[in-house]
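*Asks:* the following comprises the amino acid sequence and a computationally predicted model.
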Amino acid sequence: MVSRTWRVCPGRGQVATATKLAAAGETRAAVDALRQALALWRPGAFAGSDSRVVREHALLIDEERPVAWKECMRLSCRQTGTARWCPAVSRAG
């Protein structure tokens, strides 16, 4: 039997924290949390799994990264006062 260790999106906790911080108006802290999450995120969650169910769940996890990146950019533009120069991301919220 082969033992495997998977690193499954360790940044998900930071994304949840960032969401709460942004809702509380703590934009700078939210951006910092999202940047930390994005730095930890690696593509290919559960890479090497033979399970169809696991691969389908991994696809959902992998699709969360671009959403987190866009939110980070939107909040960064808001924080720096450059939202009007970031129309693609400022439309998200």
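*Replies:* Okay, I see it. Remember, it's a predicted structure, so these values are computed and weren't measured experimentally.
*Asks:* am I right that Arg12 is in contact with Ala37?
*Replies:* Yes - in this structure, Arg12 is within contact of Ala37 by C-beta atoms under 8 Å, at 7.3 Å. Heads up, the C-betas are built off the backbone N, CA and C, glycines and all.
*Asks:* pick out whichever of the two has more residues nearby.
*Replies:* A count of neighbours by other C-beta atoms under 10 Å puts Ala37 above the other of Arg12 and Ala37, at 24 against 15.
*Asks:* where does the more buried one land on pLDDT?
*Replies:* At Ala37, the model reports a pLDDT of 87.
*Asks:* how far away is it from Thr17?
*Replies:* 8 Å (C-beta to C-beta, to the nearest Å).
*Asks:* likewise Asp50?
*Replies:* Taking C-beta to C-beta, one finds Asp50 at 33 Å from Thr17.
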